[in-house]
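# I would like to see how this sequence folds:
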Amino acid sequence: MPPKSKAAAAAAAEPVSVEDLFAALHRHIEDGEFPQAVKVADQVLAASPGDEDAVRCKVVAHIKSDATDKALAAIRAAERLPIDLSYYKAYCYYRQNKLQEALDILNGQEETAAVLQLESQIYYRLGRMNDCMSSYEKLQKFKVDSIDLKINIIAALVAGGRAPEVQAAMKAQKVDLTTRALRDTRSFELAYNSACTLIENKKYSEAKEQLDLAKRIGKEELMVEDYAEDEIEYELAPVSVQLAYVQQLQGQTQEAMETYANMINKKSGDPSSLAVATANLISVKGTKDVADGLRKLDRLVEKSTAPNQLQLIESLEFKLSSRQKEALYSARVLLLLHANKIDQAQELVSGLLATFRDNVFPVLLQAAVHVREKKVPKAEEVLSRYAEKHPDNSTGVLLALAQIAANANHFQIAADSLSKISDIQHMPATVATLVALKERLNDSNGAASVLDSAIKWWKNAMTEDNKLDMFMREAATFKLNHGRDKEACQLYEELVKSYGSTEALAGLVATSARTDLAKAEQYEKQLKPLPGLQGIDVKSLEKTSGARHVEQAMKVDAPEEVKKQKAKKRKRKPKYPKGYDPANPGPPPDPERWLPKRERSTYRPKRKDKRAQVRGAQGSVSREKHDASAANAGATSSKPTTSAKAPEPPKGSNKSRKKKSRS
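Numbering: from 1, shown residues only. The predicted model follows:
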């Protein structure tokens, strides 16, 4: 190899200008070559220490390379410089799932579009959906027209339990979520999130249609990018899981189970999709194959020496929402209870109470463990304490307390718990349960007051599906059965005036006949006459023994005496077996003829012949056995027939042998 010339060596030694370095840095960033961009940024900083653009490029290149630790190190190295890198620091903490530290940094920042977007993502991951939506609402003034922003808004509303608000929010953003419009937008994520909204609104058929659309759009886009078949299946795993979930909700459990099982066995999905499929499969199977369910969940939890320390595997800890984590841990606790591993369930619940403080689901699981241990008063105490401490978030707890107390025949506790839930206080199921509990307590006045309160509420309710007439009918029946005839009569009269119900009119006539005969006669005239009842003599009808079935009743045309005709029954001759003479039946058949011989009373088992026992020295053979075996051998050799019997030894040979032995 020839030596380099002096000119080439001089050119190599000549320093590159900062402008050329920035040009190279820009080129590497545009091409996505972030490690090379970091090296060039270091060269710029070596030539021009403290250059703000070079520092920012270096930090962003580290973040783009998923090297958040190196990005934080570069930010710390630049702390002495007059450069504000707090946004990038907060973003690095967000990527490392240090959400509270990231939020603390952003709280002192100016509310720019970038800061608000990052803040909304942190709130979403923390499960604070109201704060998340507040950040998105502040973003509206910046007029950020991004499809990703609209997708995130839908996801935040669905995760926060505000799915009914999605349509209004998207209408304000001028986004049409119909299937035809989504087909035109060609947005896989938007179709998927719109389907999640429909699932929350229980519109499963429409959700399935949009999920199929999302899968088709995603598959076409990935095929254009030359993805392999298994890679496409991996990328579209969230859609497949959601489709299986819709099938599960529609009652197609077998198809859903097959989808879940195939995905888990093939591992054809990202970790979060596999975790959701595992939780859903366990919920479909229920108590079947508990051991297999526990083995599947063990793959999702980090192994730790501390029994109360809970942590999912790293790929799930940052990707699953709080609701999904709660579902996984709840499934594990319930499976442990079904497997009678009470101690392990207690340890897991203790860890959940420490990790998810002031959350409702660990409290419900703790009560379930106490019930399994047959410590019902302790479970009631745990739930009551939480309901008193968190009255705004205690609906589920009070319902669980009512169910546990009712099962334990603690009817007063159950009734008090249901009475504290104001949201469902006047719903039909709640009212019916409260009335039944009050009746168990022999408190008819309390049951009547529950019905009166429900009627008062429904009278003032401005709803399309008003239940007032149903409650009034049930209340009238209840009061009539409990001797409150005047109150029942008032309810029936109000039903007749408001709804014109024929059933209520009949009830009013029957009830007022006990209290106000004049009113009964007045309303009796409004009853329509039944066909076929004209011309009946009431006095003669009262003398009869009673009413008969309509089909058997006789038509009455005139008030003359009714002739009773008895239907003549044809007598049929009994059929006997062929050849049987009833005049000479003979002896009766054996009543045990259908029983096996061993079960009959006449059965006697055969006694063993003790005379064939071998006598003499050990190993000797009796002469009779020897003769019998020889005879058998001769018989089989001459003519081998299946029906031939071995010749029996001559009778009396044993007696003669005994006589010889005596002499």
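# what's the neighbour count on residue 299?
Here the number of neighbours of residue 299 (other CB atoms under 10 Å) works out to 12. (Each C-beta comes from the backbone N, C-alpha and C, glycine too.)
# Could you do residue 210 as well?
Here the count is done by other CB under 10 Å, and residue 210 has 26 residues near it.
# who touches the nearest residue to it once chain neighbours are set aside in this structure?
Excluding its sequence neighbours, the residue lying closest to residue 210 (CB to CB, 6 or more residues apart in numbering) is residue 195, at 4.0 Å. Listed by CB atoms under 8 Å, 6 or more residues apart in numbering, the contact partners of residue 195 are 207, 208, 210, 211, 214, 242.
# Distance of residue 498 relative to residue 492?
Distance from residue 498 to residue 492, counting by CB to CB, to the nearest Å: 11 Å.
# Revised request: answer the last question for residue 524.
Remark: distance between residue 524 and residue 492 (CB to CB) = 13 Å.
# the more surrounded of those two?
Set side by side, residue 524 and residue 492 give different neighbour counts by other CB under 10 Å, the larger being at residue 492 (28 against 15).
# can you pull the pLDDT of residue 330?
The predicted structure scores residue 330 at 90 on the pLDDT scale.
# secondary structure class for it?
The assignment at residue 330 comes out as helix when based on DSSP: H, G, I helix; E, B strand; the rest coil.
# low-scoring stretches of the protein, by residue?
Low-confidence segments of the chain (pLDDT under 70): 1-15, 145, 303-310, 315, 529-536, 538, 541, 545-569, 608-663.
# Angles on the backbone of the residue nearest the centre of it, please.
When the chain is reduced to its mean C-alpha position, the closest residue under CA atoms, centre = their mean turns out to be residue 283, at 5.2 Å. In terms of degrees, to the nearest 10, the main-chain angles of residue 283 are phi -70, psi -30.
# do the same with residue 312
In this entry, residue 312 is assigned phi and psi values of phi -80, psi 170 (degrees, to the nearest 10).
# what are the bridge partners for it, then?
With beta bridges defined as DSSP bridges, residue 312 has these partners: residue 301.
# residues in contact with it?
275, 300, 301, 302, 320, 325, 328.
# so what does the one helix or strand residue 119 maps to touch, helix or strand wise?
Using DSSP states H and E, residue 119 maps to helix 113-126. Here helix 113-126 is seen to pack against helix 86-95, helix 99-106, helix 129-139, helix 147-159 when contacts are counted using 3 or more CB pairs under 8 Å, 6 or more residues apart in numbering; DSSP states H and E.
# and residue 353, which of those is closest to it?
Of all these, it is helix 99-106 that lies closest to residue 353, at 19.9 Å by CB to CB.
# re earlier: including distance to residue 395 and mean neighbour count, could the helices and strands packed on helix 113-126 go into CSV?
CSV is the format used below for these (distance: least, CB to CB, whole Å; neighbours: other CB atoms under 10 Å):
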stretch, distance to residue 395, mean neighbour count
helix 86-95, 33, 20
helix 99-106, 28, 17
helix 129-139, 18, 18
helix 147-159, 19, 20
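# who wins for proximity to residue 41 among those helices?
The closest approach between residue 41 and any of the helices and strands packed on helix 113-126, judged by CB to CB, belongs to helix 86-95 at 13.8 Å.
# hmm, who's touching the closest one?
56, 59-60, 63, 68, 71-72, 75, 99, 101-103, 105-106, 108-109, 114-115, 118, 121-122, 125.
# can we see that at 10 Å?
Applying CB atoms under 10 Å, 6 or more residues apart in numbering, the set of residues contacting helix 86-95 from outside is 55-56, 59-60, 62-63, 66-72, 74-76, 79, 85, 98-110, 112, 114-115, 118-119, 121-122, 125, 318.
# who touches stretch 331-347?
Identification of contacts with stretch 331-347 by CB under 10 Å, 6+ apart yields 278-283, 286-294, 296-298, 300-301, 306-308, 310, 348-349, 352, 361-362, 364-366, 368-373.
# Tell me which residues of that stretch come out buried.
Buried residues in stretch 331-347, counting neighbours by 16 or more other CB atoms under 10 Å, are found at 331, 332, 333, 334, 335, 336, 337, 338, 341, 345, 346, 347.
# Now, these that are in helices?
When DSSP state H defines the helices, the subset of those inside them is 331, 332, 333, 334, 335, 336, 337, 338, 345, 346, 347.
# Could you tell me whether residue 80 really is in a strand?
No: note on residue 80: no strand contains this position according to three-state DSSP, which reports coil.
# which residues sit in contact with it?
Neighbour list for residue 80: residue 50 [criterion: CB under 10 Å, 6+ apart].
# Look up phi and psi at it.
Recorded main-chain torsions at residue 80 are phi -80, psi -10, according to degrees, to the nearest 10.
# any idea how far residue 46 is from it?
From residue 80 over to residue 46 the distance is 17 Å, taken as CB to CB.
# Give me the secondary structure label for residue 354.
Judged by three-state DSSP, the three-state class of residue 354 is helix.
# Any idea how many residues pack against it?
Counted with other CB under 10 Å, the neighbours of residue 354 add up to 12.
# How about residue 293?
Counted with other CB under 10 Å, residues neighbouring residue 293 total 24.
# And the ones in helices among the buried residues of stretch 331-347, which is closest to residue 180?
Closest approach to residue 180 among those (CB to CB): residue 331, at 38.5 Å.
# Grab the nearest non-local neighbour of residue 395.
Per CB to CB, 6+ apart, closest to residue 395 is residue 421, 5.6 Å.
# relative orientation of the helix or strand encompassing residue 327 and helix 113-126 in degrees?
For residue 327, the host element (DSSP H and E) is helix 322-338. Comparing the axes of helix 322-338 and helix 113-126 via axes from the mean of the first three to the mean of the last three CA atoms, to 10 degrees yields an angle of 10 degrees.
# Please export the alpha-carbon coordinates of helix 322-338; PDB is fine.
C-alpha atoms of helix 322-338 as PDB (Å, rounded to 0.1, in the frame of the first residue of the first chain):
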ATOM      1  CA  SER A 322     -54.500   0.500  35.900                       C
ATOM      2  CA  ARG A 323     -57.800  -1.200  35.000                       C
ATOM      3  CA  GLN A 324     -56.000  -4.000  33.200                       C
ATOM      4  CA  LYS A 325     -53.600  -4.500  36.100                       C
ATOM      5  CA  GLU A 326     -56.500  -4.700  38.500                       C
ATOM      6  CA  ALA A 327     -58.100  -7.400  36.400                       C
ATOM      7  CA  LEU A 328     -54.900  -9.500  36.300                       C
ATOM      8  CA  TYR A 329     -54.400  -9.300  40.100                       C
ATOM      9  CA  SER A 330     -58.000  -9.900  40.800                       C
ATOM     10  CA  ALA A 331     -58.000 -13.000  38.600                       C
ATOM     11  CA  ARG A 332     -55.000 -14.400  40.400                       C
ATOM     12  CA  VAL A 333     -56.500 -13.900  43.900                       C
ATOM     13  CA  LEU A 334     -59.800 -15.500  42.900                       C
ATOM     14  CA  LEU A 335     -58.000 -18.500  41.300                       C
ATOM     15  CA  LEU A 336     -56.000 -18.900  44.500                       C
ATOM     16  CA  LEU A 337     -59.200 -19.000  46.500                       C
ATOM     17  CA  HIS A 338     -60.700 -21.600  44.200                       C
END
